[in-house]
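Asker: With the sequence up front, the predicted model follows.
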Amino acid sequence: MAKVGSEDRRLTLDLVALYDITREYAVELEYELGELEDAATDDETRRRYNERRRAVRAARRNLPLGTDLAARTGLIAAQDVWSAELDTLRTR
């Protein structure tokens, strides 16, 4: 019985860590997009960076919470998208 409780705590801690890491990707991406928005030389480019930054912020605020597979899958998917987008922005 104690082993099951220990495993549940470990899984919960893993999910919390996954949530925190995913959230950090979003915060970094928001910052990068804000920097690009500020450096944009035309209104259309500035608007596109602003819209993407706002979309990332909204998605960050709605990250799935829970211990089910769907929450874990959603966090991993968001992490993959945001990390790829950060890599793309940083190699420009």
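Answerer: In hand now; what should we look at? Numbers count the residues shown, from 1 in each chain.

Asker: Every contact and neighbour count from this point should use C-alpha atoms.
Answerer: Fine.

Asker: Give me the helices and strands touching the helix or strand hosting R23, please.
Answerer: Per DSSP states H and E: R23 is located in helix 2-39. Here helix 2-39 touches helix 43-61, helix 69-90, going by 3 or more C-alpha pairs under 8 Å, 6 or more residues apart in numbering; DSSP states H and E.

Asker: Which strands and helices lie in contact with the shortest one?
Answerer: For helix 43-61, the packing partners by 3+ C-alpha pairs under 8 Å, 6+ apart come out as helix 2-39.

Asker: just for the chain, where's the confidence low?
Answerer: Applying pLDDT under 70 to the chain picks out residues 1-5, 67.

Asker: Identify the residues contacting the most centrally placed residue in the chain.
Answerer: Using C-alpha atoms, centre = their mean, the residue of the chain that lies closest to the mean C-alpha position is A26, 3.5 Å off. Going by C-alpha atoms under 8 Å, 6 or more residues apart in numbering, A26 touches V56, R57, R60, W82.

Asker: do the same with R46
Answerer: Contacts of R46 (C-alpha under 8 Å, 6+ apart): L36, E37, D38, A40.

Asker: Find the residue closest to the third one in space, skipping its chain neighbours.
Answerer: Setting aside the residues directly before and after it, D38 is nearest to R46 in space (C-alpha to C-alpha, 6 or more residues apart in numbering), at 7.2 Å.

Asker: now the second one
Answerer: When the adjacent residues along the chain are set aside, E37 lies closest to R46, with 4.8 Å between them (C-alpha to C-alpha, 6+ apart).

Asker: Please report the distance of the one you found from E35.
Answerer: 10 Å (C-alpha to C-alpha, to the nearest Å).

Asker: With A58 instead?
Answerer: According to C-alpha to C-alpha, A58 stands 18 Å off from E35.

Asker: and stretch 55-66, how far from the chain's centre?
Answerer: Its chain's C-alpha centre and that of stretch 55-66 lie 7 Å apart, by C-alpha atoms, centre = their mean, to the nearest Å.
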